[in-house]
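>>> Structure for the following, please:
(one chain, ligands or ions: 1)
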Amino acid sequence: MNPKEIFLCSICNVTSGNCAEDCKYCTQSSHYNTNVPTYKNKPIEDILHEARSLKEYGALGFCLVTSGRGLDSKKCEYIAQAARAIKEADLGLHIIACCGRADLDSLKYLKANGVDSYNHNLETSKNFFPQVCSTHTWSERFETCENALKAELGLCSGGIFGLGESWEDRIDMLKTLQILTPHSSPINFYIANPNLPIKAPKLSKEEALDCVALAREFLPKTRLMIAGGREHIFGEDQKKLFECGINAVVLGDYLTTKGEAPKNDVDRILLYGYTPATSCH
Ligand code: SF4
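Residues are numbered from 1 along each chain as shown. From the prediction side, this is the model:
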């Protein structure tokens with residue numbers, strides 16, 4: 001990896017909200033009144049428009065994200081259709097799908113239809129997970145990551161820090177990620193919301209940087225991607241994130257939390273002396 005190169009990824013929330021799961025950190029869960037936009041199956045034309053815009057800003061990856069527990073047959077067909085349309089538009093984007101729990105056959109089908117990688121986060125350690133979700137298990141999450149690898153998709157898997165987990169939990173999660181060896185690993189910091197049940201205090205910048213440095217230590221060859229919570233903790237002052245091992249960023253909106261405009265992200269990366277990567281490989 002070139003230490004001066006930063007990979008730009010992007011997210012397209014194609015189905016939002018109304019999730020029956022009770023993940024206590026997630027505003028898309030219908031268990032909490034978070035008032036996020038709710039919609040299903042964004043029109044393919046709109047997805048293509050977003051893909052083109054983000055590509056212009058330098059995005060190499062484009063992730064199709066759906067809320068909900070997992071990938072049923074209808075959702076799988078819709079994501080396959082979106083992936084085919086993006087590939088046909090020949091934008092040169094690496095396509096990632098992020099649709100929750102998924103079996104091997106569905107993932108093979110996505111791969112056959114143009115999806116390159118699958119994102120499924122472990123979120124936290126096996127021990128701590130039952131404290132933040134009661135409707136599915138951590139083992140199901142792990143199994144989906146294994147299925148993605150078996151389907152020969154690239155694996156993108158990481159987690160969220162600041163849920164009230166201990167350092168031991170953080171290390172346990174990173175040890176498991178070490179076994180899975182994802183090609184990229186999203187690092188999220190929890191953003192408190194008055195309607196979400198987790199009331200853990202906001203991480204300090206120092207603790208958040210320690211989490212990044214620890215992740216880099218455990219995952220020396222993985223693309224460490226800063227995702228949700230970046231501005232919440234660091235504001236405009238994000239240089240140290242890159243110095244501690246971040247080498248990928250998510251451009252544009254981060255699901256329901258407004259990210260910075262993609263142009264600001266690119267300008268900041270240049271200002272810090274890094275260059276946006278020009279190839280995903
Ligand atoms: S399953 Fe996914 S979308 Fe649903 S509440 Fe949990 S994290 Fe949010």
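
>>> C-alpha only now, for contacts and for neighbours.
Will do.

>>> Now do the helices in this protein.
Ranges of helices within the chain are 44-56, 73-88, 104-112, 138-150, 167-180, 205-218, 230-234, 239-243, 262-271, based on DSSP state H.

>>> Dump the ones you listed into CSV; add mean pLDDT and distance to I187 as well.
Output for those, formatted as CSV (pLDDT from 0 to 100; distance: least, C-alpha to C-alpha, whole Å):
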stretch, mean pLDDT, distance to I187
helix 44-56, 91, 21
helix 73-88, 96, 24
helix 104-112, 97, 23
helix 138-150, 97, 16
helix 167-180, 97, 11
helix 205-218, 97, 8
helix 230-234, 90, 9
helix 239-243, 95, 11
helix 262-271, 88, 16
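
>>> Next, format the ones you listed as JSON lines and append mean neighbour count.
JSON lines is the format used below for the helices of the chain (neighbours: other C-alpha atoms under 10 Å):
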{"stretch": "helix 44-56", "mean neighbour count": "17"}
{"stretch": "helix 73-88", "mean neighbour count": "18"}
{"stretch": "helix 104-112", "mean neighbour count": "19"}
{"stretch": "helix 138-150", "mean neighbour count": "19"}
{"stretch": "helix 167-180", "mean neighbour count": "17"}
{"stretch": "helix 205-218", "mean neighbour count": "18"}
{"stretch": "helix 230-234", "mean neighbour count": "18"}
{"stretch": "helix 239-243", "mean neighbour count": "17"}
{"stretch": "helix 262-271", "mean neighbour count": "16"}
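
>>> Ok, which of those comes nearest N188?
Between N188 and these, the shortest separation by C-alpha to C-alpha is 7.6 Å, and it involves helix 230-234.

>>> helices or strands next to that closest one in the packing?
strand 184-189, helix 205-218 (3 or more C-alpha pairs under 8 Å, 6 or more residues apart in numbering; DSSP states H and E).

>>> okay if I get those as TSV plus distance to S279?
Output for the helices and strands packed on helix 230-234, formatted as TSV (distance: least, C-alpha to C-alpha, whole Å):
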stretch	distance to S279
strand 184-189	14
helix 205-218	21
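
>>> For K199, which of the helices of the chain is the nearest?
Nearest to K199, of all the helices of the chain, is helix 230-234, at 15.2 Å by C-alpha to C-alpha.

>>> got the CA positions of the closest one in CSV?
Output of helix 230-234 as CSV, limited to C-alpha atoms (Å, rounded to 0.1, in the frame of the first residue of the first chain):
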residue,chain,number,x,y,z
ARG,A,230,-15.9,11.4,11.8
GLU,A,231,-17.1,15.0,12.0
HIS,A,232,-18.9,14.3,15.3
ILE,A,233,-15.7,13.6,17.1
PHE,A,234,-13.0,15.4,15.0
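
>>> Spit out the contact partners of the spatially most central residue of the chain.
The C-alpha lying nearest the average C-alpha coordinate of the chain belongs to P186 (C-alpha atoms, centre = their mean; 5.0 Å). By C-alpha atoms under 8 Å, 6 or more residues apart in numbering, the residues touching P186 are N121, C156, S157, G158, G159, L224, M225, I226, A227.

>>> Thanks a lot, see you next time.
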